[in-house]
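[1] Sequence and computational prediction follow.
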Number of protein chains: 2
Amino acid sequence: MVRQLHGSPSSITDVAALANVSIATVSRVLSGKRAKNDDISRRVREAAAQLDYSVNRAASSLRGTTTKMVGVVVPSTYDLFCSALIDALEPVIDDHSDQLILGLGATHDLQMSRIESLVDRNVDGLVVVCAPDTDLTDVFDRHAGQLPIVQIGEGRRSVHTSSVTIDQALSMEQVISHLATLNVKSVAYLAGEQFSFESAEMLSMLHTQLRAFGLTTQPSWNQFGPATVERGFNATMRILATDRPDAIVCVDDNVAFGAMVAIRALRLRVPQDIKVIGANDSPLSRESNPTLTTLRPPFEQIADEAMRLIERGPSYTSHISLVSQLIVRESTLGTAADMERQITSGADE
Amino acid sequence: MVRQLHGSPSSITDVAALANVSIATVSRVLSGKRAKNDDISRRVREAAAQLDYSVNRAASSLRGTTTKMVGVVVPSTYDLFCSALIDALEPVIDDHSDQLILGLGATHDLQMSRIESLVDRNVDGLVVVCAPDTDLTDVFDRHAGQLPIVQIGEGRRSVHTSSVTIDQALSMEQVISHLATLNVKSVAYLAGEQFSFESAEMLSMLHTQLRAFGLTTQPSWNQFGPATVERGFNATMRILATDRPDAIVCVDDNVAFGAMVAIRALRLRVPQDIKVIGANDSPLSRESNPTLTTLRPPFEQIADEAMRLIERGPSYTSHISLVSQLIVRESTLGTAADMERQITSGADE
DNA sequence: TTGTAGGCGTTATCAG
DNA sequence: CTGATAACGCCTACAA
């Protein structure tokens, strides 16, 4: 393989010359728009490899109809949902030989600005996680005719864009059904921030499912708050000061961890005395709490569906709803021995 | 402003026609390669605005010398250091009117593949966080002549690339000096994973600084392990079963949180009985542990320096070392009242 | 199936 | 400082 360390990289003309064919043929062979796999085809590939040739994307974008770039706009990579999504999206985008262009913005204006930039760049598609309380429908409507846009998760929908969401009702049903199987009678719920539409929706579904399965809860057990370990700890302490629910369902694995610590601090056992379930599981939280029964959003599926929708172009819009996976672990099913092990081992070495 | 909802977007030719100048002049005005700010300049800008014109980056890249794209390659966005870095880098890159192309890879092969893709795309520069135990010097050497490459943090350095790192020695000095001021005599250290070079370096610096300030430690107090809440909890429980260090320094805010929970579980007080210090602070961990004294890496500075190095082009290489900021909070300086408040309040509402 | 040639929108060059 | 013009590298009718 000849490396052109100095001088400009080889172009399609060089390949054509070396393979003794026209540049049109080279273009067709290399872009797969040619049926046969004969001698010519072989010669072209060989020449390309020898010259270490790769297409100039700028030229290709200029003349062709795609840029092989996909824009991804999310509020922040701190957000565990967003980082899990990005980690799932990146390999899928790479598989399509596309590039992931990242836009960050936690406000309407920032998100809009990033989206405009990406549209300016003629990205082939846009994946957007709307910031909380943000309405981007105007921006979407403005561009949805030009390129496929896929909204992920909550947020007001534009008529012209596709969406991939998580079916919170089915997810909650899995949780309550699981608890019912374990003979749980009463359930506390540590929700997310009050102002979030998602939180309100989840809470309402919880009540629906509790009713369906004949379980009970109490108003003081259904608390809104930030999704932090500390909040889980504090909220649980407060509930357990006077009451004793059979299970605590948490909006987040961090909250669930705080709850478990609080339960242990009160000399109660998980899961024998109280069962704990988390949600919005991500590899990061899993690592820090490997015994927690939790709802894992289907990030790989989300990424696959999003890219599929982008591939189909702007004229096709579809709304896809996926269901989280309930991962059953010791915090609901474990034996006393399991939990003992969890607390005392974890050997540092 | 005239929107061209249907039909192709306006090009430089349209602007030139409307402004009654040549396309060359339009190009110069809009790219700032023209001194005066006279009538011509004004007419051009006006025409561009009227036509909602924006340059076609593909054409610009094809003809010009830059692509206005910066590649960022990191192991994973789960990693708090990486997500904090990306969140700091994105706005800086946007300020330069560039786009951030993200490449993810936790292994040598993946990182190399992403870097090759980005170089193929002719990005204007590359920011790379090497995966642990990964040597990318061969890849760097191959491309460092073509485009500026900036390594962030640990990892083997290539002679031809720039780097921006955190001065761990100075950071540790801040920590120990702070503890010395508070009359701390003995310090335990919960390190990161044993195999990481960074961990070993930090531990050695800890000992150096302890000696310098006349503090003590014990071999059994210096433990390697994963950076999780659970690990911090377990490790602290084990140490406190027999010993009583005046302070515990943790490699990570999560570990520190686990340590604080363990201390409280043993009915000891932070900071009166034992002081706790974290490190690698990020907004995420700060949110879940707002009372922790911690070392915050200078992400904004890192981002600024990285972009500055990229702007200077491939021929200029420089190695920059920045120092973390010690954020002093209640876990070392607080009063009893502070900590009481921390535990019992945190009002869910 | 292959080659030829035109043009995508921009920037760099060079002459005025 | 401005304007005309030549690339940049590629894709794709269209002709052979």
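    Thanks, I have it. Numbering: from 1, shown residues only, chains lettered A, B, ... in the order given.
[2] hey, let's count contacts and neighbours off CA atoms from now on
    OK.
[3] Now the terminal residues of stretch A:53-65, how far apart.
    21 Å (Cα to Cα, to the nearest Å).
[4] Indicate whether that stretch makes contact with chain B.
    Yes - Stretch A:53-65 is in contact with chain B by Cα under 8 Å from any Cα of the partner chain, via A:54, A:56-59, A:61-62.
[5] Selecting buried members of these in ChimeraX, what would you type?
    Here is the ChimeraX command that selects the buried residues among the residues of stretch A:53-65 next to chain B (16 or more other Cα atoms under 10 Å in any protein chain shown):
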select /A:54,56,57,58,59,61,62
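[6] Let's have the residues of stretch A:53-65 next to chain B in a markdown table, adding distance to A:S76 and pLDDT.
    Shown next, in a markdown table, are those (distance: Cα to Cα, whole Å; pLDDT from 0 to 100):
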| residue | distance to A:S76 | pLDDT |
| --- | --- | --- |
| A:S54 | 34 | 94 |
| A:N56 | 32 | 96 |
| A:R57 | 29 | 97 |
| A:A58 | 29 | 97 |
| A:A59 | 33 | 97 |
| A:S61 | 29 | 97 |
| A:L62 | 31 | 96 |
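[7] Please convert the residues of stretch A:53-65 next to chain B to JSON lines, extending it with secondary structure and distance to DNA strand C.
    As requested, these are exported to JSON lines (DSSP: H, G, I helix; E, B strand; the rest coil; distance: Cα to the nearest atom of the strand, whole Å):
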{"residue": "A:S54", "secondary structure": "coil", "distance to DNA strand C": "17"}
{"residue": "A:N56", "secondary structure": "coil", "distance to DNA strand C": "12"}
{"residue": "A:R57", "secondary structure": "helix", "distance to DNA strand C": "11"}
{"residue": "A:A58", "secondary structure": "helix", "distance to DNA strand C": "9"}
{"residue": "A:A59", "secondary structure": "helix", "distance to DNA strand C": "6"}
{"residue": "A:S61", "secondary structure": "helix", "distance to DNA strand C": "8"}
{"residue": "A:L62", "secondary structure": "helix", "distance to DNA strand C": "5"}
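[8] Farthest-apart pair in the residues of stretch A:53-65 next to chain B, please.
    A:S54 and A:L62 (16.0 Å; Cα to Cα).
[9] Nearest the middle, which residue of chain A would you pick?
    In chain A, the centroid-proximal residue (Cα atoms, centre = their mean) is A:L85; its distance is 2.6 Å.
[10] distance of the nearest residue to it once chain neighbours are set aside from DNA strand C?
    Leaving aside its chain neighbours, A:L85 sits nearest to A:F299 (5.8 Å; criterion: Cα to Cα, 6 or more residues apart in numbering or on different chains). Look at A:F299 and DNA strand C: by Cα to the nearest atom of the strand, to the nearest Å, they are 37 Å apart.
[11] OK, contacts around A:F299?
    Neighbouring residues of A:F299 by Cα atoms under 8 Å, 6 or more residues apart in numbering or on different chains: A:84-85, A:88.
[12] Which of these sits closest to B:L333?
    Top of the list for closeness to B:L333, among the contacts of A:F299 and by Cα to Cα, is A:A84 at 36.0 Å.
[13] Is there a neighbour count for the closest one? I'd like the number.
    Using other Cα atoms under 10 Å in any protein chain shown, A:A84 has 24 other residues around it.
[14] That one and A:N280: what is the separation?
    For A:A84, the distance to A:N280 - Cα to Cα - is 10 Å.
[15] what's the burial count for A:A180?
    Neighbour tally, A:A180, other Cα under 10 Å: 16.
[16] For it, which non-adjacent residue is spatially closest?
    Using Cα to Cα, 6+ apart and skipping residues adjacent in sequence, the residue nearest A:A180 is A:F213, 6.7 Å away.
[17] isn't the one you found right up against A:V175?
    No - look at A:F213 against A:V175 with Cα atoms under 8 Å: they stay out of range, at 10.9 Å.
[18] sec struct for A:I101, please.
    Here A:I101 is recorded as strand under DSSP: H, G, I helix; E, B strand; the rest coil.
[19] pLDDT at it, what is it?
    Listed pLDDT for A:I101 reads 98.
[20] excluding its backbone neighbours, what's nearest A:A265?
    B:A265 (6.1 Å).
[21] List, one by one, the residues from the stretch 1-150 of chain A near DNA strand C.
    Proximity of the stretch 1-150 of chain A to DNA strand C (Cα under 7 Å from any atom of the strand) is limited to residues A:20-25, A:34-36, A:40, A:59, A:62-63.
[22] what's the span of stretch A:123-136, first residue to last?
    18 Å.
[23] which parts of that stretch are buried?
    For stretch A:123-136, by 16+ other Cα under 10 Å, it's A:123-132, A:135-136.
[24] As a check, name the ranges of all strands in the stretch 201-349 of chain A.
    A:222-223, A:247-250, A:275-278, A:293-296, A:319-322, A:325-327 (DSSP state E, counting those that start in this stretch).
[25] Who's the closest spatial neighbour of A:R45, skipping the chain neighbours?
    Using Cα to Cα, 6+ apart and skipping residues adjacent in sequence, the residue nearest A:R45 is A:L30, 7.4 Å away.
[26] any idea how far that neighbour is from A:I40?
    Taking Cα to Cα, one finds A:L30 at 12 Å from A:I40.
[27] same check, this time on A:S162
    42 Å.
[28] Look at these two and report which has more neighbours.
    Shown here are A:S162 and A:I40; by other Cα under 10 Å, A:S162 has more neighbours (23 against 16).
[29] And the pLDDT at that one?
    96.
[30] about what we covered before: which ones, among the residues of the stretch 1-150 of chain A next to DNA strand C, also lie beside DNA strand D?
    Restricting these to those adjacent to DNA strand D (criterion: Cα under 7 Å from any atom of the strand) gives A:23-25, A:59, A:62-63.
[31] residues contacting A:D98?
    For A:D98, the contact set (Cα under 8 Å, 6+ apart) comprises A:68-70.
[32] Would you mind listing which of these are buried?
    Buried by 16+ other Cα under 10 Å: A:68-70, out of the contacts of A:D98.
[33] Among the residues you listed, which are located in strands?
    The strands, defined by DSSP state E, take in A:69-70 from the buried ones among the contacts of A:D98.
[34] Low-confidence bits of the stretch 151-300 of chain A, can you list those?
    Along the stretch 151-300 of chain A, the model assigns pLDDT under 70 to residues A:195-197, A:284-288.
[35] If we use 80, what do you get?
    For the stretch 151-300 of chain A, applying pLDDT under 80 flags the ranges A:194-200, A:228-230, A:282-290.
[36] ok so, going back, nearest to B:Q50, of the ones next to DNA strand D among the residues of the stretch 1-150 of chain A next to DNA strand C?
    Nearest member of these to B:Q50, counting by Cα to Cα, is A:L62, at 23.7 Å.
[37] Just to check, that closest one is in contact with B:A58?
    Yes - if you go by Cα under 8 Å, A:L62 and B:A58 touch, sitting 5.4 Å apart.
[38] Against DNA strand D, how distant is A:I86?
    From A:I86 to DNA strand D the distance is 28 Å (Cα to the nearest atom of the strand).
[39] wait, I meant A:P314
    18 Å.
[40] residues in contact with the residue lying closest to that residue once chain neighbours are set aside?
    Of all residues not flanking A:P314 in the chain, A:P148 sits nearest, at 3.9 Å (Cα to Cα, 6+ apart). Contacts for A:P148 (Cα under 8 Å, 6+ apart) come out as A:124-126, A:161-162, A:309-310, A:312-316.
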